[in-house]
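1. Have a look at this prediction, sequence included:
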Amino acid sequence: DTGVSQNPRHKITKRGQNVTFRCDPISEHNRLYWYRQTLGQGPEFLTYFQNEAQLEKSRLLSDRFSAERPKGSFSTLEIQRTEQGDSAMYLCASSLELGTFGREQFFGPGTRLTVL
Amino acid sequence: SQQGEEDPQALSIQEGENATMNCSYKTSINNLQWYRQNSGRGLVHLILIRSIDREKHSGRLRVTLDTSKKSSSLLITASRAADTASYFCATGFGSSNTGKLIFGQGTTLQVKP
């Protein structure tokens, strides 16, 4: 399967614990994105990378959140000191960005986080 | 924050009928994209229309874009039960700008067999 993969698919944790999610993008894609989706809402942008550089972070990404993309391949999203409000589906997407008008993004299945 | 507003929020039709969903947005864009999300599955890209285009077709899908009104519509013709899903519009700003997509809240489509 050459699509975007995410691990784990589900994570249940207690408030105050740290969690880390992993995303493996489509191999030739240079851009990788993280979004968060809560029930009944569309995905909300968190951050994105072009190769290994993190180019933009949303205001939603508090200092408890950190993302990395070492060597421009897979990416990790870590949430420290989780809060119940962090419960959501965390989506990763990748794209091969060329040209002026942008390209479609390919999404992984997501990691569903439940903070008790 | 979400830029797009979609209308209707929910739509229920019979198999074989057409479904139309509308999306409005607030700022200038380089592209507008439509995605589908089934329960239990991830987001699947359906179609991308550039800001310089007014209409685009892909199979049973037809998308229009009116940048003067900051609005788009998605038409699904001859709907099937398998089209039952949530549909999201997302605005994009091009490779030279931010790469992020801003999604609307979605339209839930139910196609009854």
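-> Sure thing, it's come through.
2. need the helix or strand of chain A with the lowest average pLDDT.
-> One helix or strand of chain A scores below all others by mean pLDDT, DSSP states H and E: strand A:53-57, with a mean of 90.
3. Work out the sheet partners of it and label each with its direction, please.
-> Strand pairing for strand A:53-57, determined by DSSP bridges: strand A:44-50 (antiparallel).
4. and the partner strand, average pLDDT?
-> Mean pLDDT, strand A:44-50: 94.
5. Now do the same contact list for whichever residue of chain B sits closest to chain A.
-> Across chain B, no residue is closer to chain A than B:F103, which sits at 3.2 Å (C-beta to the nearest C-beta). Where C-beta positions appear, they are placed from N, C-alpha and C, glycine not excepted. Residues counted as contacts of B:F103 (C-beta atoms under 8 Å, 6 or more residues apart in numbering or on different chains) are A:35, A:42-44, B:2, B:4, B:35, B:88-90.
6. List buried residues within those.
-> A:35, A:42-44, B:2, B:4, B:35, B:88-90 (16 or more other C-beta atoms under 10 Å in any protein chain shown).
7. Serialize those residues to CSV and add fields for secondary structure.
-> Output for these, formatted as CSV (DSSP: H, G, I helix; E, B strand; the rest coil):
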residue, secondary structure
A:Y35, strand
A:G42, coil
A:P43, coil
A:E44, strand
B:Q2, coil
B:G4, coil
B:Y35, strand
B:F88, strand
B:C89, strand
B:A90, strand
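8. Among the residues you listed, which one sits closest to B:A82?
-> Proximity of the buried ones among the contacts of B:F103 to B:A82 (C-beta to C-beta) peaks at B:Y35, which lies at 16.0 Å.
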